[in-house]
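Student: okay, here's the prediction I keep looking at, along with the sequence it came from:
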Amino acid sequence: MNEQIIPIFYACDDAFVKFTIVSMHSLIKNASKEHHYVIHILHTEISDEMKAMVNRLAGRNFEIQFIDVANYLQTVSEKLPLRDYYSKTTYYRLFIAEMFPQYSKALYLDSDTVILGDVSELYLTDIGDAYLGACHEQVMVQTREFGTYVEKVVGVSRYNFFNAGLMLINCERFRLHFVLDKFIDYLHYYNFVVTQDEDYLNLICKDHVYWLDQRWNTETYGNISYPVQQAKMIHYIMTNKPWHYEGCRFGDVFWEYAKETEVYEALLEIRRSYTDEQKEKDAMSSEKLTQTAVNETKRDDNFLNRINRDKRDQDRVEILRRIEQFEKEGRFDEDVEKDPPGRMLMPDEIEYVRKTRAEKIKTKMAFKMAHKFIDELMEDKKLIIKEIKGVENFKGLDRGAIITCNHFNAFDSFAIQLAYEAAEQPNRSFWRVIREGNYTSFPGFYGFLMRHCNTLPLSSNAITMKKFFRAIDELLENGDYVLFYPEQSMWWNYRKPKPLKRGAFQCAARSGAPVLPCFITMKDSDIMGEDGFYVQEYTIHVLPPIFPEPGLPLRKQAELMMYKNYEMWKEIYETEYHIPLSYTTTEDMTQLKGFVPEATE
């Protein structure tokens, strides 16, 4: 039999190794015997007596190795600002990828766990190019103070903060993206004091986490959404330790395995001798940790505030502040960036579709210049399109369509054009609706592209808008695609879908044309832009078309398509980001204009 070698890591000291034994015993008892497991115990000092006890857990499929990390720590000690960091066993997990170059993937487990599932299934999970696989940290999700802390200090959504007590580490990615070096750099820059190395890991691995089934890290904290009998690992986090408290949540599961080990009596003695004073100290430490999170959030020089002040373009920081303010105030259809003042586009200044020969030459030139520009941006990693999904939805259309897209970057229309080109649509053209001022007042190179890359400018002039609508009808009748931004506003790198405006959907209903919703999701790359923010990696989602409902009044058709469009965007957002869609606004979202269509009432 060709056995798969599965490397597993624990980190502990002589005092904690008793609990490691219980975790290892549960792991061995429930693991498939079709694989070979190498369990590494990272430590600096464990007694020979305890090593012998651990080694008696070994079997044909389970090899146990004790790895004294003292020598390795000595090699990196000069890089670390405080000796305390490498005296804590919890930090050893950061060294796994560098210390063990022979492994492309490794499983790390905290010692305060009981493993109920088959870890081979977990290890064999394909996590792609993610830095690691992990589960959501429920303390952040379910406790306001901690959730606010990670968002306002670490800069990670409370819904995308992982618990580092179980990590399926992509060692190749850790090495390729210098995770350890980044950790050491951040240590010199800021001292996280709430969850410490977990904060650093979440900061470094933000947007590069494969989310494992939550059952693999069932924490003894807050609510769980499934029966505990379905748990594949129980994690006794914070002060919820069954060897300290007789009534510890899910403690019976721990003792079920503990009683089968050599350390059972010693663990019972630890629990018997745990004093009221120590329990009082636990309660105080929990309160203190919560208060520490609150204090860090309020600090003017906390990590995120310091990064914003020291390393980021202040114009961008101000844009983010305005986005936060506008969302709270429900001002979703207002731009947060100040465009150059525009002027009214008059009807005699533009022929939308029936262009002269000179205009056609300019259009051809503009597209050539735009492609060269976009190619250079992609080559320089200033624009990164990771994937285009659902391109087949273009091919299922036998007539022209309105394309909708979320708007967060001046170049996102070019991303949609690349998706259109990937669909290989012969005899069809791609057009984009733009703002009036972008057409009439944008200077230089960008202004030339705005005026000549098959753009359809809106206008504050009623007669010009009549020409605009006639052009939309003609293009759709000809089988072309017209890109609208139904959110109306552009918010830089804003990931949520905003409430939609009706205009694009009215055009579709009037022409009897389908709407092809597109939604672009993004994640931080590891490339720092000139503005001090990470360049975003885009995934373009081309969703199934939405067709008008014949027989309904045009207004109701438009509202129904708008509603379906929003719901599809919402589903993609929640699926891709693992975050329930919510807004900070105090406005009643159902009362925002155009948010809920009459056709659904």
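Tutor: Nice, I can see it.
Student: mind telling me which residue is nearest the centre of this protein?
Tutor: Compute the mean C-alpha point of the chain, and by C-alpha atoms, centre = their mean the closest residue is Asp207, 3.9 Å away.
Student: show me what the one helix or strand Ser120 maps to packs onto, helices and strands only.
Tutor: Using DSSP states H and E, Ser120 sits in helix 119-123. Applying 3 or more C-beta pairs under 8 Å, 6 or more residues apart in numbering; DSSP states H and E, one finds that helix 119-123 contacts strand 5-11, strand 105-109. Using the backbone N, CA and C atoms, a C-beta is placed for each residue, glycine as well.
Student: repeat the analysis, applying 10 Å as the threshold.
Tutor: Other elements packing on helix 119-123 under the criterion 3 or more C-beta pairs under 10 Å, 6 or more residues apart in numbering; DSSP states H and E are strand 5-11, helix 17-30, strand 36-43, strand 105-109, strand 162-170.
Student: can you put these in CSV and add distance to Ala283 and mean pLDDT?
Tutor: Below are those laid out as CSV (distance: least, C-beta to C-beta, whole Å; pLDDT from 0 to 100):
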stretch, distance to Ala283, mean pLDDT
strand 5-11, 27, 97
helix 17-30, 21, 98
strand 36-43, 30, 97
strand 105-109, 27, 98
strand 162-170, 22, 97
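Student: ok, which of the ones you listed comes nearest Met365?
Tutor: Met365 lies closest to strand 162-170 among these, at 45.3 Å (C-beta to C-beta).
Student: between that closest one and strand 5-11, how big is the angle?
Tutor: 150 degrees (axes from the mean of the first three to the mean of the last three C-alpha atoms, to 10 degrees).
Student: who does strand 162-170 pair with, and is each partner parallel or antiparallel?
Tutor: In the sheet, strand 162-170 lines up against strand 105-109 (antiparallel), strand 132-136 (antiparallel) (DSSP bridges).
Student: among those, which comes closest to Asn461?
Tutor: So among these, strand 132-136 is nearest, using C-beta to C-beta, at 51.5 Å.
Student: now do the same contact list for Gly155.
Tutor: Asn202, Leu203, Lys206, Asn302, Phe303, Leu304, Ile307, Asn308, Asp524 (C-beta atoms under 10 Å, 6 or more residues apart in numbering).
Student: any idea how far it is from Leu320?
Tutor: 11 Å (C-beta to C-beta, to the nearest Å).
Student: what residues do those two have in common as contacts?
Tutor: Taking C-beta under 10 Å, 6+ apart as the criterion, Gly155 and Leu320 both touch Asn308.
Student: buried residues in the helix holding Ser120, which are they?
Tutor: Buried positions in helix 119-123, judged by neighbour count with 16 or more other C-beta atoms under 10 Å: Val119, Ser120, Leu122, Tyr123.
Student: check contacts around the nearest residue to the third one once chain neighbours are set aside.
Tutor: Put plainly, it is Leu122. Take Leu122 and drop its neighbours on the chain: the residue closest to it by C-beta to C-beta, 6 or more residues apart in numbering is Trp216, 6.0 Å away. With contacts defined as C-beta under 10 Å, 6+ apart, Trp216 is in contact with 115-117, 119, 121-122, 125, 133-135, 166, 168, 231-233, 235.
Student: narrow those residues to those that are buried.
Tutor: 115-117, 119, 122, 133-135, 166, 168, 231-233, 235.
Student: coming back round to it: can you give me the pLDDT of the residue nearest to Leu122?
Tutor: With respect to pLDDT, Trp216 scores 98.
Student: tell me the spacing between it and Glu280.
Tutor: Trp216 is 33 Å from Glu280, where distance means C-beta to C-beta.
Student: from Ser511, how far out is Arg470?
Tutor: Arg470 is 11 Å from Ser511, by C-beta to C-beta.
Student: if you count surrounding residues, which of the two has more?
Tutor: Taking neighbours as other C-beta atoms under 10 Å, Arg470 and Ser511 compare with Ser511 leading, 21 against 12.
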